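> prediction below, plus the sequence it came from.
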Amino acid sequence: MHGDSRVVALVPAAGMGVRLGESTPKAFVPVGGSPMLTLALQGLIASGSVDEVVVMVPAELVDQTRALLPATDIPIHVVPGGAERTDSVRAGLDAAPDATLVLVHDAARALTPPALIARVVAQLHAGAQAVVPALPVTDTIKSVDATGAVTGTPDRSTLRAIQTPQGFDARLLRAAYATTIQATDDAGLVELLGATVHTVPGDALAFKITTPLDLVLANTLVAQGGISVPVQQRDQDREAVANT
């Protein structure tokens, strides 16, 4: 899409989402009648910035997942994920050997606007090696010790809440995953290699659907028309979910 670069989006979707309180893997929980995973894939496709997608799911759900894929000319591959998120991302990297730029996108950020995805990719094309969407922190943040006693109050003007997709030069991300270092997100691994991670403006709609309250909010946004889910796709998704 941009010179000789090939942008591949990796979508880890093997997590159970215990905090959501659902009996199915979180990525398969419906929002507005469509699984979160399907909505996340539609956003990636609509961004016009992605050449290929790799979805990592529980091994037993590979076939069912293929039935949920939206119609598109962009190749979408479904591969078995791992026990941990890092294992799933490694599996996705292995399935995308030709990638020059890689996005890692949470299926649980199902309502992420396509324009946000395009911003991340544009920054990569502009030369950044690592890019994350970021929002200013609005709550006051406290650090605490093991007993819960407050030990400090960071200046929130220097803090950001980080979203996905997180974008990387593929060689850099592969190098980060070749280590045994643990981090809470992909950008954290890259930071530990000494690389600079740049930010682009995030979007409130890219919130992570983690709790039952988040699910209510997401369903309400879709129901109020803030998010578009094609009727035909929604009906197909409902039938596919019923068969999983």
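Structure's in. What do you need? Numbering: from 1, shown residues only.

> Pro114 reaches Leu39, doesn't it?
No - Pro114 sits out of contact with Leu39 when judged by CB atoms under 8 Å, with a separation of 11.4 Å. For glycine as for every other residue, the C-beta is placed from the backbone atoms N, C-alpha and C.

> of these two, who's got more company?
Under the criterion of other CB atoms under 10 Å, the comparison of Pro114 against Leu39 puts Leu39 first, with 29 against 16.

> so that one sits against Leu111, correct?
Yes - the pair Leu39 and Leu111 passes the contact test of CB under 8 Å, sitting 6.6 Å apart.

> nearest residue to Val199 other than its sequence neighbours?
One correction, residue 199 is Thr, not Val. If the residues on either side of it in the chain are set aside, Thr199 comes closest to Ala134, at 4.0 Å by CB to CB, 6 or more residues apart in numbering.

> state the three-state secondary structure for the one you found.
Ala134 carries the three-state label strand when classified by DSSP: H, G, I helix; E, B strand; the rest coil.

> buried set for stretch 152-166?
Along stretch 152-166, these residues count as buried under the neighbour rule (16 or more other CB atoms under 10 Å): 162-166.

> oh, that last question was meant for stretch 121-136, not what I typed.
Residues 121, 123-125, 128-135 are the ones in stretch 121-136 that count as buried (16+ other CB under 10 Å).

> before we move on, what about stretch 29-49?
Counting neighbours by 16+ other CB under 10 Å, one finds that the buried residues in stretch 29-49 are 29-47, 49.

> restricted to helices, list the residues you listed.
When DSSP state H defines the helices, the subset of the buried residues of stretch 29-49 inside them is 36-46.

> format those as TSV; extra columns: pLDDT and distance to Thr196.
Rendered in TSV, the data for those read as follows (pLDDT from 0 to 100; distance: CB to CB, whole Å):
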residue	pLDDT	distance to Thr196
Met36	94	31
Leu37	95	31
Thr38	94	34
Leu39	95	32
Ala40	96	27
Leu41	96	30
Gln42	95	32
Gly43	96	27
Leu44	97	25
Ile45	96	30
Ala46	95	29
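
> then Leu148 would be within a helix, right?
Actually, residue 148 is Gly. It isn't Leu. No - membership of Gly148 in a helix is not supported by three-state DSSP, which gives coil.

> that one: what's it in contact with?
Remark: with contacts taken as CB atoms under 8 Å, 6 or more residues apart in numbering, Gly148 is in contact with nothing.

> that older thread, quick one: which two of the buried residues of stretch 152-166 are the most distant?
Maximum pairwise distance in these, criterion CB to CB, is 11.0 Å, between Ile162 and Pro165.

> common neighbours of those two, please.
Residues touching both Ile162 and Pro165 comprise Pro133, with contact defined as CB under 8 Å, 6+ apart.

> relative to Gln123, how far out is the residue nearest to Thr199?
Using CB to CB, to the nearest Å, one obtains 12 Å as the distance from Ala134 to Gln123.
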